[in-house]
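Student: Pasting a predicted model and its sequence here:
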Amino acid sequence: MQKLSTSNRTQPQASVFPETPAPWPLAPGPLACSPSRRSSGPGEQVRHQAALGGVQPAHRPAAASSAGASGGRARPFRALIGRPGGGARRNARPDWRSPGRGRAGVVRARFGSWPRARVTWRRALGGGSRLPRRPQDLAVRCPGLCLPVAPRSGIGRHGSGAMATPDSGAPWDADLWSSHDKMLVQPLKDSDLEVYNIIKKESHRQRVGLELIASENFASRAVLEALGSCLNNKYSEGYPGQRYYGGTEFIDELELLCQRRALQVYGLDPQCWGVNVQPYSGSPANFAVYTALVEPHGRIMGLDLPDGGHLTHGFMTEKKKISATSIFFESMPYKVDPDTGYINYDRLEENARLFHPKLIIAGTSCYSRNLDYARLRRIADDNGAYLMADMAHISGLVAAGVVPSPFEHCHVVSTTTHKTLRGCRAGMIFYRKGVRSVDPKTGRETRYNLESLINSAVFPGLQGGPHNHAIAGVAVALKQAMTPEFRVYQCQVVANCRALAKTLMGLGYKVVTGGSDNHLILVDLRSKGTDGGRAEKVLEACNIACNKNTCPGDKSALRPSGLRLGTPALTSRGLLEEDFQEVARFIHRGIELTLQIQDAVGAKATLKEFTETLAGAGEHQRAVAALRAEVESFAALFPLPGLPDF
């Protein structure tokens with residue numbers, strides 16, 4: 001290092017942070033090495049600031065800014081290390097020790113850790129000078145060094161006190177840090193009462209209400225515990241054995257376990273099928289398949305949304321493309337027969353021959369009958385198209401073997417995991433592997449390449465890191481789906497749905513297709529003189545949750561004629577056929593109230609006017625309140641699965 005002149009010994013040097021307030025004050029002598037021996041008077045504080053170019057002592061001129069022969073590094077470093085007493089001899093060493101602590105202990109007390117001290121000094125030197133790795137080596141090499149003063153109590157476990165962080169200068173109070181540690185272990189009720197109360201209210205609504213939305217279910221306690229585990233903390237872009245992050249040994253183990261269970265629950269040979277369990281939900285899973293198998297603006301065919309399809313299957317209107325699928329791909333819907341409610345496979349075959357799709361989607365969101373996968377596969381083969389099944393609604397029924405499986409005929413199968421499968425919210429994509437075809441003349445094999453295409457579409461194509469906590473929840477649900485109890489549950493779901501349909505038809509309602517093969521029914525209210533939107537509002541006021549839905553032949557989706565009713569959620573609570581007969585009677589009474597309110601406001605009244613009348617005081621409100629009380633008393637008889645705290 002360059003030697004400093006005698007005049008420089010009596011003057012503080014220019015700060016290495018000339019325009020930034022000193023993050024920590026520097027003590028000009030050995031008094032700084034022990035908090036118990038450090039002066040805290042005003043003069044001492046001025047000297048601390050002067051050491052980093054802050055407030056200059058009135059009796060000393062400002063330091064020269066020349067860097068000298070060492071390229072601008074020796075002087076700033078000397079400015080930082082200071083001199084004991086301002087003018088002591090060069091070889092004087094500061095007193096590094098204090099009672100009960102060695103040099104490393106002092107450094108930890110000042111900086112929180114020795115690496116942090118090294119980083120701080122390296123920043124001060126502009127990153128150019130090598131620094132020793134141990135505090136005792138720094139003391140030997142730089143005998144005039146005095147550490148920045150930070151109270152021993154200012155970091156972590158060292159007690160109470162206040163200090164400033166070296167990077168931002170923000171106040172760092174030990175009491176606040178202790179409060180921070182407490183915040184990390186507080187239960188939700190103590191940490192955020194507002195959110196806790198909202199969850200409690202929703203839990204109460206579910207407990208005293210009747211959940212008839214076909215796409216909903218009640219996840220088990222084990223699934224929810226996995227979902228709320230420490231796996232939420234881990235980032236793991238990539239796939240098992242090919243991650244972009246370290247520390248993924250157990251994440252790989254979890255994902256591979258989930259994949260094995262997914263194949264096992266559907267009876268699939270790992271040599272012939274693979275599965276991606278990373279999709280965040282069903283819609284991203286579907287879009288990943290389209291991205292992998294269909295080029296931009298390629299052609300797909302799916303069941304039309306008003307006829308029981310799903311938004312992601314390419315829905316659009318005459319004036320607007322609604323789904324992103326219809327924006328990035330060319331879609332043609334196939335329809336159901338408006339008289340029977342069944343899919344018109346003959347018309348589908350004719351349209352496919354004209355449209356030449358690259359992908360045909362066999363999937364529904366409101367269709368109560370089984371799909372003819374064999375017929376759909378023949379249509380796909382005739383047009384050189386892939387056949388993809390979206391079994392989101394029926395995946396639990398397929399796992400239990402109570403409805404036909406799409407795997408025998410389809411190239412790709414996508415699904416959600418939270419509906420009849422009764423897991424958490426996530427998605428899966430199954431794809432064929434191995435030999436696709438064999439040339440009869442040459443014997444040459446053509447193999448599927450779906451695995452790499454689909455995996456690349458999921459990551460890095462459309463997603464980042466997978467939700468490992470959700471994958472854990474899916475793995476738990478898949479294990480439960482392989483039990484005899486789960487099959488009994490799925491059989492009961494179908495039996496309850498048929499009992500609900502039979503009772504409603506006995507009360508004079510039209511059920512589309514005349515019944516159900518699965519977990520849902522669609523009730524057509526046109527014969528009753530009302531629509532699904534108004535009935536949904538009244539039933540919701542009575543704590544019966546269902547959703548409006550278009551019926552075959554509806555002219556507008558803005559005023560759908562039907563109600564979609566599903567049985568998975570209430571079956572999870574233990575309701576049987578006779579209980580669903582009572583549920584059907586509650587629904588009937590709610591629709592009768594709908595007709596009464598509609599007569600009062602007029603048939604041409606808007607839905608907003610209808611809702612305002614429903615919410616107002618009067619005879620209708622009292623009738624709704626009475627029905628709601630009966631519904632809540634009935635629903636409270638059945639336990640609600642899930643976490644006990646809510």
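Tutor: All right, it came through fine.
Student: give me the low-pLDDT residue ranges for the protein?
Tutor: The chain contains residues with pLDDT under 70 at 1-172.
Student: One more pass at 90, please.
Tutor: Applying pLDDT under 90 to the predicted model, the residue ranges of the chain that meet it are 1-181, 295, 305-309, 311-330, 434-447, 552-559, 600-606, 609, 612-620, 643-646.
Student: show me what contacts residue 511?
Tutor: Shown in contact with residue 511 (CB atoms under 8 Å, 6 or more residues apart in numbering): 368, 501, 504, 505, 521, 522, 523, 524. All C-beta spots, glycine's among them, are computed from the backbone N, C-alpha and C.
Student: what about the closest residue to residue 453 other than its chain neighbours, how many residues close to it?
Tutor: If the residues on either side of it in the chain are set aside, residue 453 comes closest to residue 292, at 4.0 Å by CB to CB, 6 or more residues apart in numbering. The burial metric for residue 292, expressed as a neighbour count using other CB atoms under 10 Å, is 24.
Student: is it true that residue 292 touches residue 451?
Tutor: No: no contact is recorded between residue 292 and residue 451 when judged using CB atoms under 8 Å, the distance being 9.8 Å.
Student: okay, and the common contacts of those two?
Tutor: Shared contacts of residue 292 and residue 451, defined by CB under 8 Å, 6+ apart, are absent.
Student: And the contacts of residue 511, which is closest to residue 474?
Tutor: residue 368 (26.4 Å; CB to CB).
Student: and the protein, what are its domains?
Tutor: In terms of domains, the chain is parsed into 6-150, 153-185, 223-482, 485-635 (source: automatic domain parsing).
Student: Just give me how far the longest one sits from the chain centre.
Tutor: In terms of CA atoms, centre = their mean, to the nearest Å, the centre of domain 223-482 is found 19 Å from the chain centre.
Student: Span of that domain from start to end?
Tutor: One end of domain 223-482 to the other measures 15 Å (CA to CA, to the nearest Å).
Student: sorry, back to before: quick check: which of the domains of the chain is nearest to residue 214?
Tutor: domain 485-635 (2.6 Å).
Student: Can you give me the end-to-end span of the closest one?
Tutor: This stretch, domain 485-635, spans 23 Å end to end (CA to CA).
Student: returning to what we had before: tell me which of the contacts of residue 511 is nearest to residue 440?
Tutor: Out of the contacts of residue 511, the one with the shortest distance to residue 440 is residue 368. That distance is 41.7 Å, counting by CB to CB.
Student: how about a markdown table for the domains of the chain, with distance to residue 210 added?
Tutor: Conversion of the domains of the chain to a markdown table gives the following (distance: least, CB to CB, whole Å):
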| stretch | distance to residue 210 |
| --- | --- |
| domain 6-150 | 57 |
| domain 153-185 | 38 |
| domain 223-482 | 18 |
| domain 485-635 | 5 |
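Student: longest helix of the protein?
Tutor: For the chain, the helix reaching the highest residue count under DSSP state H is reported as helix 577-601.
Student: buried residues in that helix?
Tutor: For helix 577-601, the buried set under the neighbour-count rule, 16 or more other CB atoms under 10 Å, comprises 579-581, 583-584, 586-591, 593-595, 597-598, 601.
Student: next one: stretch 311-327
Tutor: Of the residues in stretch 311-327, those with enough neighbours to count as buried (16+ other CB under 10 Å) are 311, 312, 313, 314, 315, 316, 323, 325, 326.
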